[in-house]
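K.L.:
A structural model of the following input is requested.
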Amino acid sequence: MNISVGQIYVEAGVSLPFSHLMQIWLGQQLSTLVLLTPDFAKVHGTDFALVIRISARKGLKENDVKGPTVFKRTKDVEYTLFLPYDTIVKCSDGRRIATEFILDGVEAIVAMAKLDPGDLSARRVAIRDHLCTDPSMLKSQWPFAPT
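P.N.:
Numbering: from 1, shown residues only. All right, here's what the predicted structure looks like:
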């Protein structure tokens, strides 16, 4: 299953410093773990890709998933994952918390899209640890000081 991850921040003053390398790496990981199902293929066909757009909003207490939006021309099924910005920036380990929210959101999107999560659960800790320790996963230093 081809899965890509991108970021788009639509609220002024709200963004997280994850890099394009994180987007590419996470998309590659998910593409090898998540499996196409007959349910997904029945609705969209076998040649559609899943696109996960990461964003954030103030005022949220938990993730908010929007979608799907289906793009027939590009054969994409797209979901937007809004992370709870205030919760993330108030934590002393915001990067880890943001990563946990991202992985929770990915799991929710996989379920909503009726895809098979494959070994995603088993690899979750390794994915989280990579996202939290590899410096290339950020485009700049995590900007939020511990409280």
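
K.L.:
Tell me where the chain is predicted with low confidence.
P.N.:
143-147 (pLDDT under 70).

K.L.:
what do you get if the cut-off is 50, keeping everything else the same?
P.N.:
Residues of the chain meeting the criterion pLDDT under 50: 145-147.

K.L.:
what about the longest helix in it?
P.N.:
Identified as the longest helix of the chain according to DSSP state H is helix 94-112.

K.L.:
How far off centre is that one?
P.N.:
The gap between the average C-alpha position of helix 94-112 and the chain average comes to 6 Å, counting by C-alpha atoms, centre = their mean, to the nearest Å.

K.L.:
Show me which parts of the very next helix or strand once past it are buried, residue by residue.
P.N.:
Heading C-terminal from helix 94-112, the first helix or strand you meet, by DSSP states H and E, is helix 120-133. By neighbour count with 16 or more other C-beta atoms under 10 Å, helix 120-133 contains the buried residues L120, R123, R124, I127, H130, L131, C132. For glycine as for every other residue, the C-beta is placed from the backbone atoms N, C-alpha and C.

K.L.:
cool, stretch 23-40 as well?
P.N.:
Q23, W25, L26, G27, Q29, L30, L33, V34, L36, F40.

K.L.:
Disregarding residues adjacent in the polypeptide, which is nearest to A98?
P.N.:
Nearest residue to A98, sequence neighbours excluded (C-beta to C-beta, 6 or more residues apart in numbering): I88, at 4.8 Å.

K.L.:
Go through the host helix or strand of the one you found and flag the buried ones.
P.N.:
Taking DSSP H and E as the criterion, I88 maps to helix 85-90. For helix 85-90, a neighbour-count test (16+ other C-beta under 10 Å) marks Y85, T87, I88, V89 as buried.

K.L.:
Tell me the one of those nearest A56?
P.N.:
Using C-beta to C-beta, the shortest approach to A56 within the buried residues of helix 85-90 belongs to Y85, at 4.0 Å.

K.L.:
which residues does the residue lying closest to V110 once chain neighbours are set aside contact?
P.N.:
Spatially, and ignoring its direct neighbours in sequence, V110 is nearest to P117 (5.0 Å; C-beta to C-beta, 6+ apart). For P117, the contact set (C-beta atoms under 8 Å, 6 or more residues apart in numbering) comprises L33, V34, L35, E107, V110, A111.
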